[in-house]
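Peer 1: based on what follows, work out the 3D shape:
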Amino acid sequence: MKFTPKEIEENVNVSKTHPLVEFFWLAGGLLLVVGIVFLTLGLLTDLAVSRTSPKIENWLGTHLSFDMKGEANPALQRRFDDLLTTLPEDSPLREYEFTIDLVDSDIVNAFAIPGGKIAVYRGLVDRVESENELAMVLYHELGHFAHRDHLRGLGRGLGLAVGSALLFGNDSGAADLVAKTLLSFQANYTQDQESAADGFALEQLANHYGHVGGATVFFDRLAKENSNKTSHLKYLLASHPHPRDRIDAINNLIKENGYPVEATTQLAKGILLKENFQ
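Peer 2: Residues are numbered from 1 along each chain as shown. Down below sits the predicted model:
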C-alpha cells in the first residue's frame, strides 16, 4: 500500500501565518525588549550618578581594574593638595580624599578614576613647562569629578551596582559580585563634557593664582607639535575637541569672564619625576 502524506489544515501546532511574518514579529519584539532594557539601565545610571556618595564611589573604585600601573608621587601630591585649598568651602569635591598616581609612560594624558584617584602620565609632566599649565590639567580632571563624568564612564551597569550596594550593603558578597560583573570603566568623555571640564578648570585657575596665565599654552604646544595629525575630520567622533577649537573656546571664556592673563611660574619637573623615575 502506498503512503500519501496529507497536508494538515486545522491544527493548534500549525500556524496560518507565513513563517517570515512570524520571524519579523519575533525579531521586532526582541529588539523592543532590548531597547526597553537599554533605556531603563540608562535612566538608572543617571539616577545613580546623582545619588552616589563619595563613600559608595570609593567602594566602586575598588572593583575597577586598569592596565595602568602608576605609583604615588609625594611631590606631585603636595602640589595637587595645594590646588585643592582654594576650592570653595561648600564644594562637594571637599568630601573626597584625592590621590594622584604617576604612570611611567610617554603617553601625554591624565584621567580621573572613580574613588578620587587621578592618573597622570610621565609624558604629560615632560611636556608642561609651568606650574600654571600643570594646574590647568589637574583642575580639568577635577572638573570631571565635579560634573560626575567619571561615574558615567562606568557604563550602564552603574545603576545596578549602586542599587545592590544600597540594598545589600557595600561590604556584602552579592554587591561585590554585581559590581565586578557589571562595571567597566572607560575614561572617554564627550566633547561637551571635556569643554565643561575646561570651563571648571579655568575658573579654579583664576581663583588659585588670581589670573589664568598658562591656561592654553600646554594645549597650544601640543597642537603645534601634532599639526600634521590634527585635521578636523579626525575629531568628528573624537572624545576631545579639536585642539584649535579647544584653545579658541578657552580664550572665549577668558574674554567673556574678564580673567586677567599674567606671567606663569616655571615648573621644576625634576622635583616631580625624580622620586619615581630617577
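Peer 1: what residue ranges in the stretch 51-200 of the chain are flagged as low confidence?
Peer 2: 62-68, 153-188 (pLDDT under 70).
Peer 1: show me what contacts the residue lying closest to Gln266 once chain neighbours are set aside?
Peer 2: Among residues not flanking Gln266 along the chain, Ser130 sits closest, at 5.8 Å (CB to CB, 6 or more residues apart in numbering). For glycine as for every other residue, the C-beta is placed from the backbone atoms N, C-alpha and C. The contact partners of Ser130, taken as CB atoms under 8 Å, 6 or more residues apart in numbering, are 214, 217, 264-267.
Peer 1: next one: phi and psi at Ser130?
Peer 2: Main-chain dihedrals, Ser130, degrees, to the nearest 10: phi -140, psi 160.
Peer 1: before we move on, back to that, which among the contacts of Ser130 count as buried?
Peer 2: 214, 217, 264, 267 (16 or more other CB atoms under 10 Å).
Peer 1: wait, doesn't the last one sit right on Glu131?
Peer 2: Yes - under the criterion of CB atoms under 8 Å, Leu267 makes contact with Glu131 at 5.0 Å.
Peer 1: distance check, the residue nearest to Gln266 against Val34.
Peer 2: Relative to Val34, Ser130 is positioned 50 Å away (CB to CB, to the nearest Å).
Peer 1: picking up where we left off before, please flag which of the contacts of Ser130 sit within strands.
Peer 2: Counting by DSSP state E, no part of these is found in strands.
Peer 1: thinking again about what came up before, quickly note the distance from the residue nearest to Gln266 to Ile254.
Peer 2: 16 Å.
Peer 1: OK, contacts around Gln266?
Peer 2: With CB under 8 Å, 6+ apart, Gln266 has these contacts: 129-131.
Peer 1: and for the closest residue to Asn226 other than its chain neighbours, the neighbour number?
Peer 2: Excluding the flanking residues, the one nearest Asn226 by CB to CB, 6+ apart is Pro243, at 7.4 Å. Counted with other CB atoms under 10 Å, the neighbours of Pro243 add up to 20.
Peer 1: these two touch, right, Pro243 and Glu225?
Peer 2: No - counting by CB under 8 Å, Pro243 does not reach Glu225; the two are 9.8 Å apart.
Peer 1: in what helix or strand does Pro260 lie?
Peer 2: Counting by DSSP states H and E, no helix or strand carries Pro260.
Peer 1: which residues does Arg127 contact?
Peer 2: 108, 218, 221-222.
Peer 1: packing partners for the helix or strand where Gly28 lies?
Peer 2: Gly28 is part of helix 19-51 when elements are defined by DSSP H and E. Packing partners of helix 19-51 (3 or more CB pairs under 8 Å, 6 or more residues apart in numbering; DSSP states H and E): helix 149-152, helix 158-168.
Peer 1: lovely, talk soon.
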